[in-house]
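Engineer: Here is my input, please return the structure:
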Amino acid sequence: MIETKAVLSALMAANADATKTVTKQEIGGVLNDRIVAIIAKNLKGKGKMAKKYLYTPWGKAVVANVFAGVVIKWFAAKPNAVAASTAMVDAAMRDLGNSVDVRGMVNQFIEAIDEFDLFGEVDEQSADAEDTGSRLFGEDTDKGGE
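Structural biologist: Numbering: from 1, shown residues only. Predicted coordinates:
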């Protein structure tokens, strides 16, 4: 059995790591918003059409990655700049991930598994699909005349 002191120590470390991660992502999010606003403000002419995409999770991810690439390439000797730019990437990827309905996709997948009777009898539609698959992959589907 694990001692209470060890459990508390592990929990404190986990909370400290989580706090650092959340703080880094929040700082990165603020920086993303500021950089995107500067870019949007300076877009003129046809570039104005790109403005609406800048504020999407995909747009922010592109901006954050380009910005981080520039910082890492030309300002690698400045650790604070590199940390800030990688925080931007972390925040952008968090936002991009949150924009995808992962929970909905997982639920649809689970519902599809629930609807598919793994151990029951094969219905006609499944049998037809299996037959089609066999023909597609060149398997002999004529079981009667062997």
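
Engineer: So which bits of stretch 96-107 are buried?
Structural biologist: Buried residues in stretch 96-107, counted by 16 or more other CB atoms under 10 Å: Leu96. In this view, the C-beta of every residue, glycine as well, is placed from N, C-alpha and C.

Engineer: Name the helix or strand of this structure that has the lowest mean pLDDT.
Structural biologist: None of the helices or strands of the chain scores lower by mean pLDDT, DSSP states H and E than helix 124-136, at a mean of 54.

Engineer: Kindly state the pLDDT recorded for the residue nearest to the spatial centre of the chain?
Structural biologist: Nearest to the mean C-alpha position of the chain, by CA atoms, centre = their mean, lies Gly97 at 3.4 Å. Looking at Gly97, its pLDDT is 89.

Engineer: show me the contacts for it.
Structural biologist: Counting by CB atoms under 8 Å, 6 or more residues apart in numbering, Gly97 touches no other residue.

Engineer: Where does it fall, secondary structure wise?
Structural biologist: helix 79-99 (DSSP states H and E).

Engineer: what about the helices in this structure?
Structural biologist: 4-42, 48-54, 57-74, 79-99, 102-115, 124-136 (DSSP state H).

Engineer: What's the local residue count around Phe75?
Structural biologist: 13 (other CB atoms under 10 Å).
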